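1. Everything below, folded, please.
(one chain, ligands or ions: 1)
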Amino acid sequence: MISLHTSPLDQPGTGDAGGMNVYVVEVAKRLARHGIEVDVFTRATSSALPPVVQAHDGVAVRHVHAGPFEGLTKTELPAQLCVFAREVLRAEAVQPVGHYDVVHSHYWLSGQVGALARDRWRVPLIHSMHTMAKVKNAALAAGDAPEPAARIIGEEQVVEAADMLIANTDLEAKQLIELYDADPGRVEVVHPGVDLDVFRPADRAAARAALDLPADAQVLLFVGRIQPLKAPDVLLRAVAELLHRSPGLRSRLVVPIVGGPSGSGLDRPESLAALAAELGITDVVRFVPPVDQATLARWYAAATVVAVPSYNESFGLVAAEAQACGTPVLAAAVGGLTTVVRDGRSGLLLDTHDPRDWAAALARVVDDPALRDRLAAGALDQAREFSWEATAAATLDVYRRARAGMREAAA
Ligand code: UDP
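-> The predicted structure follows:
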């Protein structure tokens, strides 16, 4: 696998580390359980990193030196593609001939390297986009910087080069075909998963006690990287509106924002904190730096509802994880969230980012315990749709078919 711009060893929930990191780790671990040895090439971001880290049984992370260790933003990485590719090819060259059977690249930067590796190693290139510039640019938050044309062209090149493209959802497959002119025969839908051993129902009272949350509070939780695309500001504005309508709720309301800053045009916690102050809701908002997956499961279990107001999500692991913990999700009806959340069954999908509509939806969940219980039961049902075991098995199937296709083409 190639994951150039972010390492599977990074803590997700801040900077460039998010769902893709979780995806790479979870799929690699489960491929290894199928007896597949996985090497993940990523760019070294510190001189202290050893060349190879055995992350799990059968999963090695290989640190590639390309450019300065610290201080390179994602937008500066295209300048390091050549040297990164050269180092990946060199690492393979010292292995026995035919060491790798497939190359699976994640995000367009890695796809550029994967395309070269594919040609040199004569193995199929499987590519996962994770996010797409054309889709992102069509749903920008106000004031957010659009993705540059160079990325769009780079993505188009990778789509053309890949032997198989893995899409998270039917919608992403459609976008690949319609917006990027992908050959429909080379697009395969494989849903990401959830670790159901980590994200599972737990005692709410115990979770709240462990997190120092009042037992009788209404906990409206946001989890994710703090960036305009994820729209945490919409949640804060909706909370202000909710409190305006129901002032009596104030003493029982907690709004935790779990995650760290990310991306360019940052909506940093400082500016979110300033927004909370401006809205007069500092007393109910709690900022929590990124936490590991086990601690995150506790936050989901403690929550009354998890809010995902994003302008776009290619899947939305946070929504899937929350549901697996039996917590309903209030989500924007965009991208993968329409696959992850069943409207009226496992949560509520909103066709708007208007804070007044979000306040009304929050009020529905807060005021109606029967609705909450019904959605919580539905959330657990819906969560069974997604598992990393199924993701890995389907991914392996794509690898096998891509290899068979290559053999047929050579015959
Ligand atoms: N996450 C985490 N700790 C945090 C916040 C988030 O481990 O404090 C993880 C979360 O479990 C999820 C991922 O980060 O798996 C975010 O994925 P999602 O698809 O929701 O968003 P993305 O980051 O891909 O935009």
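2. what residues does the chain put near the ligand?
-> By CB under 6 Å from any ligand atom, the part of the chain that sits against the ligand consists of 12-13, 18-20, 22, 223-225, 258-259, 290-291, 293, 296, 315-318, 321. (Each C-beta comes from the backbone N, C-alpha and C, glycine too.)
3. Distance of His353 relative to Ser7?
-> Going from His353 to Ser7 by CB to CB, to the nearest Å gives 32 Å.
4. Which secondary structure element of the chain has the lowest mean pLDDT?
-> Comparing every helix and strand of the chain by mean pLDDT, DSSP states H and E singles out helix 269-279 as the least confident one, with a mean of 87.
5. Convert that one to PDB, retaining C-alpha atoms only.
-> What follows is the C-alpha trace of helix 269-279 in PDB, where atoms were taken according to Å, rounded to 0.1, in the frame of the first residue of the first chain:
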ATOM      1  CA  PRO A 269     -10.300  25.400  18.000                       C
ATOM      2  CA  GLU A 270      -9.400  29.000  19.000                       C
ATOM      3  CA  SER A 271     -11.800  30.400  16.400                       C
ATOM      4  CA  LEU A 272     -14.400  27.900  17.300                       C
ATOM      5  CA  ALA A 273     -14.000  28.900  20.900                       C
ATOM      6  CA  ALA A 274     -14.300  32.500  19.800                       C
ATOM      7  CA  LEU A 275     -17.500  31.600  18.000                       C
ATOM      8  CA  ALA A 276     -18.800  29.800  21.100                       C
ATOM      9  CA  ALA A 277     -18.100  33.000  23.200                       C
ATOM     10  CA  GLU A 278     -19.700  35.200  20.600                       C
ATOM     11  CA  LEU A 279     -22.800  33.000  20.700                       C
END
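6. what about Ala55, how many neighbours?
-> Other residues within reach of Ala55, judged by other CB atoms under 10 Å, total 19.
7. In contact with the closest residue to it other than its chain neighbours, which residues are there?
-> Using CB to CB, 6 or more residues apart in numbering and skipping the chain neighbours, the partner closest in space to Ala55 is Val61 (5.0 Å). Contacts for Val61 (CB atoms under 8 Å, 6 or more residues apart in numbering) come out as Ser7, Pro8, Leu9, Val40, Thr42, Val52, Val53, Ala55.
8. sorry, back to before: higher neighbour count, His353 and Ser7?
-> Here His353 and Ser7 are set side by side on neighbour count (other CB under 10 Å), and the busier one is Ser7, at 24 against 20.
9. Got the confidence number for that one?
-> Among the per-residue scores, Ser7 holds a pLDDT of 95.
10. shouldn't it be in contact with Ser46?
-> No - taking CB atoms under 8 Å as the contact criterion, Ser7 and Ser46 are not neighbours in contact, 10.0 Å apart.
11. Just to check, Gln157 is in contact with Gly114?
-> No - in this structure, Gln157 is not within contact of Gly114 by CB under 8 Å, at 11.2 Å.
12. Looking at these two, which is more packed in?
-> Using other CB under 10 Å, the more surrounded residue of Gln157 and Gly114 is Gly114, with 30 against 14.
13. Check which helix or strand Asn21 maps to.
-> Per DSSP states H and E: Asn21 is located in helix 19-33.
14. what residues does the helix or strand following that helix touch?
-> Counting by DSSP H and E, the element after helix 19-33 in chain order, helix or strand, is strand 38-43. Contact with strand 38-43 is made by 1-9, 24, 28, 31-32, 55, 58-64, 66-67, 77, 80, 84, 88, 91, 100, 113, as judged by CB under 8 Å, 6+ apart.
15. For the protein, which segments count as strands?
-> Under the criterion DSSP state E, the chain carries strands at the ranges 38-43, 52-56, 59-64, 103-106, 125-128, 164-167, 187-189, 218-223, 253-258, 285-288, 305-308, 329-332, 347-350.
16. Out of those strands, which gets nearest to Asp357?
-> Taking CB to CB, strand 347-350 is the member of the strands of the chain nearest to Asp357, at 6.0 Å.
17. name the helices or strands packed onto the closest one?
-> Counting contacts by 3 or more CB pairs under 8 Å, 6 or more residues apart in numbering; DSSP states H and E, strand 347-350 is packed against strand 329-332, helix 355-367, helix 369-383.
18. just checking, what packs against the second one?
-> In terms of contact count using 3+ CB pairs under 8 Å, 6+ apart, helix 355-367 is assigned the packing partners strand 218-223, helix 232-245, strand 305-308, strand 329-332, strand 347-350, helix 369-383.
19. which residues of the protein score low on pLDDT?
-> Applying pLDDT under 70 to the predicted model, the residue ranges of the chain that meet it are 263-270.
20. Would you tell me which helix is longest in this structure?
-> In the chain, ranked by residue count with DSSP state H as the criterion, the top helix is helix 388-410.
21. List the buried residues in that one.
-> Within helix 388-410, the residues scored as buried using 16 or more other CB atoms under 10 Å are Trp388, Thr391, Ala392, Ala394, Thr395, Leu396, Val398, Tyr399, Ala402, Arg403, Met406.
22. Since that was my last question, I'll sign off now.
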